[in-house]
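**Q** Sequence first, then the predicted structure, then my questions.
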Amino acid sequence: MIGLALQGIRRRFAAPVPRDVLDGVDLSIGAGEFVALAGPSGRGKTTLLRIIGGLDSGYQGRIDWPDGPPRRRAAVFQDPRLVPWLGLLDNLLLVAGRAAEPEARDLLAAVELEGREDAWPGQLSGGMQRRAALARALLVEPDLLLLDEPLVSLDHALAGRMRALLAEYWRRHRPTVLLVTHDLREAVTLADRVVVLAEGVGRVSLQRGIELPHPRDPADPRIDAIVDALLRFDPGLAVPAGKEGEAADSI
């Protein structure tokens, strides 16, 4: 397990209009903690995830790893980033080696892609590709797992099954997880803590611990109460009408 501490993280983009996306983010994440970075697009959530993942070096500030940097780090972005000339199984084995084939097949079955092991990414829907990317990340057995809207566009029932899979994986393996999501119910259902970045400020405006036992039922009225409290604090966290299920992908 791995923890980290962000100190004064700043990130400025020069184009198309100069602006500070992050402006002094301070955030600590404990080893084995599941943290959700929640809110709509444009608040710097993905930028912060990329900085933590080592994919954006143009920032100011510090990232401290009290127990040393993670030995195994995995990420799932909205773009699945599968190798187009390899089948799904070979995409997974590319990160883990041929010896991991039994585990890779089990994970493809867990994300409901059994029978698609030899399919090219281009033959599959976006939702299938995204689930394959999730399986690939879990196969690494990461110390640090970074997730950027990994279930966006999946229909309600399928997304629910994938959340349950992710929650069970976290309970068994206890990686440190940072999940970026616009879906407050998803954040409260999965995370130990929900973190909100303020709109137009680029700093943490709220941290809310979720003290409900795992596993959690998304229909639990206590989750409704927490979501309502978050919306009262920041009405901008609401998903615009028609966006949550837009372009839903059931396959």
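**A** Now that the structure is in, tell me what you want to look at.
**Q** can you give me the helices for the stretch 1-150 of the chain?
**A** If you assign secondary structure with DSSP state H, counting those that start in this stretch, the helices in the stretch 1-150 of the chain sit at 45-52, 88-96, 101-110, 126-139.
**Q** can the ones you listed go into CSV with extra columns for distance to Q7 and mean pLDDT?
**A** Any C-beta I mention is one placed from the backbone N, CA and C, and that applies to glycine too. Formatted as CSV, those follow (distance: least, CB to CB, whole Å; pLDDT from 0 to 100):
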stretch, distance to Q7, mean pLDDT
helix 45-52, 12, 95
helix 88-96, 31, 96
helix 101-110, 35, 97
helix 126-139, 27, 95
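**Q** okay, those, which one's buried deepest?
**A** Stretch with highest mean neighbour count among the helices of the stretch 1-150 of the chain: helix 126-139 (a mean of 24; mean count of other CB atoms under 10 Å).
**Q** For it, output the C-alpha coordinates as CSV.
**A** Output of helix 126-139 as CSV, limited to C-alpha atoms (Å, rounded to 0.1, in the frame of the first residue of the first chain):
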residue,chain,number,x,y,z
GLY,A,126,-16.4,2.1,-26.4
GLY,A,127,-17.9,0.6,-23.2
MET,A,128,-16.3,-2.8,-24.0
GLN,A,129,-12.9,-1.1,-24.5
ARG,A,130,-13.2,0.8,-21.3
ARG,A,131,-14.0,-2.4,-19.3
ALA,A,132,-11.0,-4.1,-20.9
ALA,A,133,-8.8,-1.1,-19.8
LEU,A,134,-10.2,-1.6,-16.2
ALA,A,135,-9.3,-5.3,-16.4
ARG,A,136,-5.8,-4.5,-17.6
ALA,A,137,-5.3,-2.1,-14.7
LEU,A,138,-6.5,-4.6,-12.1
LEU,A,139,-4.2,-7.3,-13.5
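**Q** Residues touching it, excluding its own?
**A** Residues from elsewhere that reach helix 126-139 (CB atoms under 8 Å, 6 or more residues apart in numbering): 74-78, 80-82, 88, 91-92, 95-96, 100, 103-104, 107-108, 110-113, 116, 121, 124, 145, 147, 150-154, 158, 162, 166, 169, 249-251.
**Q** List buried residues within the residues you listed.
**A** Burial by neighbour count, judged by 16 or more other CB atoms under 10 Å, picks out 74-77, 80, 82, 88, 91-92, 96, 100, 103-104, 107-108, 110-113, 116, 121, 124, 145, 147, 150-154, 158, 162, 166, 169, 249 from the contacts of helix 126-139.
**Q** Show me the residues you listed that map onto strands.
**A** A74, A75, V76, L145, L147 (DSSP state E).
**Q** can you pull out the strands in the stretch 151-251 of the chain?
**A** 176-181, 193-197, 204-209 (DSSP state E, counting those that start in this stretch).
**Q** Pick the most buried one from those.
**A** Among the strands of the stretch 151-251 of the chain, strand 176-181 has the highest mean neighbour count (mean count of other CB under 10 Å), at a mean of 24.
**Q** packing partners for that one?
**A** Counting by 3 or more CB pairs under 8 Å, 6 or more residues apart in numbering; DSSP states H and E, the packing neighbours recorded for strand 176-181 are strand 34-38, helix 45-52, strand 144-148, helix 184-190.
**Q** Quick one: work out the angle between that strand and strand 34-38.
**A** 20 degrees (axes from the mean of the first three to the mean of the last three CA atoms, to 10 degrees).
**Q** who does strand 176-181 pair up with?
**A** Partners of strand 176-181 in the sheet, by DSSP bridges, are strand 34-38 (parallel), strand 144-148 (parallel).
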